[in-house]
Structures are given as C-alpha cells and as structure tokens.
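Visitor: Prediction below, plus the sequence it came from.
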Amino acid sequence: MTPKRLFFLGALLISVPLDQITKILVSSNLIYGSKQAVIEGFFYLTHVRNPGAAFGLFTDGPAEIRLPFFIGVSLIAIFIVGSFYRRLAPGDRFLPLALGLILGGAIGNLIDRIRLGEVVDFLHFRLWSGYSWPDFNIADSVIVVGVGMLILDLITSEGENRASAVGDE
C-alpha cells in the first residue's frame, strides 16, 4: 500500500468511527438540550442538534429544501476531495492525511443528515466575556484540522516556490 493510500485511509478510518461513536455516546447518555460541565466555566458536553450549516446558518429554512441541499453539498465536497486525492503523488503523506480528515468529517456529518435529518453537536466552549462558541462535533473538528493542514501546505509550498524562484535568478 502506498503512503498516499495509507495516510488517507488511516485518517478516514479513524475519523468517521470516532465521530459516530462520540455522537452515539452523547445521544444515549445526555438528555437532549442538556449541558454537562467538564471544566466549569470553559468546556461543556452538550446534546444539541443542528439542522443547518456551520454556526447554525440556514437552520430556519424549510426542511424539504434544506436537507437535500446539505446532502447535495456534502456529496459535492466528497467528490472534490476525491478528485484532489487522485492527483497526489503515491509518496505523499501530509496532503492525503489532510484530505482523509476532511472526507471523514464530511462523511460523519452526512451520515447524521441522512439518518437524523440534522447533525448531533456536543462540544461547547465558553470563551472571553461569557461568549460561547457555537456547539460542534468531531466531524467539524477534523474538517477544520484538515483544512488547516491544506492551508499550511499551501503557505509552505508557496514560500518554497518563491525561494526557489529567487535562487534561480
């Protein structure tokens, strides 16, 4: 198995089950709408549902439009990740890992949307001055980490390209 496939599948095969197991645990052990302090005043486990997108966007839209829209967007994202993956060299490790995380998160939230019509969120942080970050889940987290890795690769490869261009002059 090539490093590309190993890192991609590894990220995917860890992120999807971890996401789904944590959502099942939360759904079976916390009453819907409840909040359990882990670090009082800062970090809580909650049991909430998000029928919309990130930060609760579009939650008020009609379900007969919203749900097919989000399922469609998820499927498009999965297709895009797959097309980027196919273009990577067999020896790549970092980018396949990033894409595997993004795909794992997209699949984790897609499973919720198909199964429940909404996404289970359970991680809640209170930040400065009582501001609460919108609740999120493992799928959201691995998507953010994967995108962050892509940005990091873009920044570092751009820097390397500029440095080599300067050296060529």
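Guide: Looks like it arrived, so ask away.
Visitor: Nearest residue to the residue positioned nearest the centre of the chain in space, ignoring adjacent ones along the chain?
Guide: Nearest to the mean C-alpha position of the chain, by C-alpha atoms, centre = their mean, lies I143 at 2.5 Å. Closest residue in space to I143, ignoring its immediate chain neighbours: G105 at 3.5 Å, by C-beta to C-beta, 6 or more residues apart in numbering. Heads up, the C-betas are built off the backbone N, CA and C, glycines and all.
Visitor: so where do the helices sit in the protein?
Guide: Per DSSP state H, the chain carries helices over the ranges 3-29, 63-86, 94-116, 138-168.
Visitor: Run through the chain and note the low-pLDDT ranges.
Guide: Residue ranges of the chain with pLDDT under 70: 55-58, 159-169.
Visitor: Touching, D153 and A98? I think so.
Guide: Yes: assessed by C-beta atoms under 8 Å, D153 is found in contact with A98 at 7.0 Å.
Visitor: Of those two, which one has the most company?
Guide: A98 (26 against 14; other C-beta atoms under 10 Å).
Visitor: Could you report the separation of that one from L12?
Guide: From A98 across to L12, the span is 12 Å (C-beta to C-beta, to the nearest Å).
Visitor: how far away is L88 from F42?
Guide: Counting by C-beta to C-beta, the gap from L88 to F42 is 39 Å.
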